[in-house]
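[1] Predicted model follows, preceded by the sequence.
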Amino acid sequence: MNNKSKKLGEAELEIMQVIWDSTKPVTSNYILTELKEKRKWQLSTLMTSLTRLADKGFVNCDRSMGGNLYTSIISENEYKAGASKHFLEKLYNNSIQNMIATLYSNKAIENSDVEELRNFLDKLEGKQ
């Protein structure tokens, strides 16, 4: 199984978001500081999660400069595309129409959302 098909847990996704949002490699202390509003973690807890993310192939740890600097191996867009595809296959039999119909019939999306989607699709197809 490659890293595109591996899933991130909620906490792992929050860590990855910090790494993805940074324009340069980050330290574990930087991640801890960025997540302090969401997670009341000790450094050891974060380090365990970072080790797991490295084992799963999501992050690289560069130790060459004396400290641990973390960078992502897989981009945010790559992960989202894979996770979305898996979600669509698992819950909606790989049908985006089934997903939209379910959301619409359960009032999770409104008419304005449907109109926004219609406009977006029209732009994609070059109809405007």
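    On my side now, so go ahead.

[2] in the helix ranked longest in the chain, what's buried?
    Secondary structure assigned by DSSP state H gives helix 76-92 as the longest helix of the chain. Neighbour-count burial for helix 76-92 flags Tyr79, Gly82, Ala83, Tyr92 (criterion: 16 or more other CB atoms under 10 Å). (Glycine included, C-beta is placed from N, CA and C.)

[3] Tell me the secondary structure at the residue nearest to the third one when sequence neighbours are not counted.
    Read it as Ala83. Once flanking residues are discounted, Ala83 sits nearest to Lys7: 6.9 Å by CB to CB, 6 or more residues apart in numbering. Here Lys7 is recorded as coil under DSSP: H, G, I helix; E, B strand; the rest coil.

[4] shouldn't Lys7 be in contact with Phe87?
    No. The pair Lys7 / Phe87 is not scored as a contact, 9.8 Å apart, by CB atoms under 8 Å.

[5] Could you pull up the residues touching Ser28?
    Ser28 makes contacts with Leu43, Leu46, Met47, Leu50, Asn68, Tyr70, as judged by CB atoms under 8 Å, 6 or more residues apart in numbering.

[6] now with 10 Å?
    Ile15, Leu43, Ser44, Leu46, Met47, Ser49, Leu50, Cys61, Gly67, Asn68, Leu69, Tyr70 (CB atoms under 10 Å, 6 or more residues apart in numbering).

[7] Tell me the buried residues within the residues you listed.
    Judged by 16+ other CB under 10 Å, buried ones among the contacts of Ser28: Ile15, Leu46, Ser49, Leu50, Asn68, Leu69, Tyr70.

[8] Can you show me the strands along the chain?
    59-62, 69-72 (DSSP state E).

[9] State the mean pLDDT of the last one.
    Strand 69-72 shows a mean pLDDT of 96.

[10] which helices and strands does that strand pack with?
    helix 10-21, helix 28-34, helix 43-56, strand 59-62 (3 or more CB pairs under 10 Å, 6 or more residues apart in numbering; DSSP states H and E).

[11] Compare these and give me the one nearest Asn98.
    Evaluated over the helices and strands packed on strand 69-72, closeness to Asn98 peaks at helix 10-21, with 24.9 Å, by CB to CB.

[12] any low-confidence regions in the chain?
    1-5, 127-128 (pLDDT under 70).

[13] With that, I have no additional questions.
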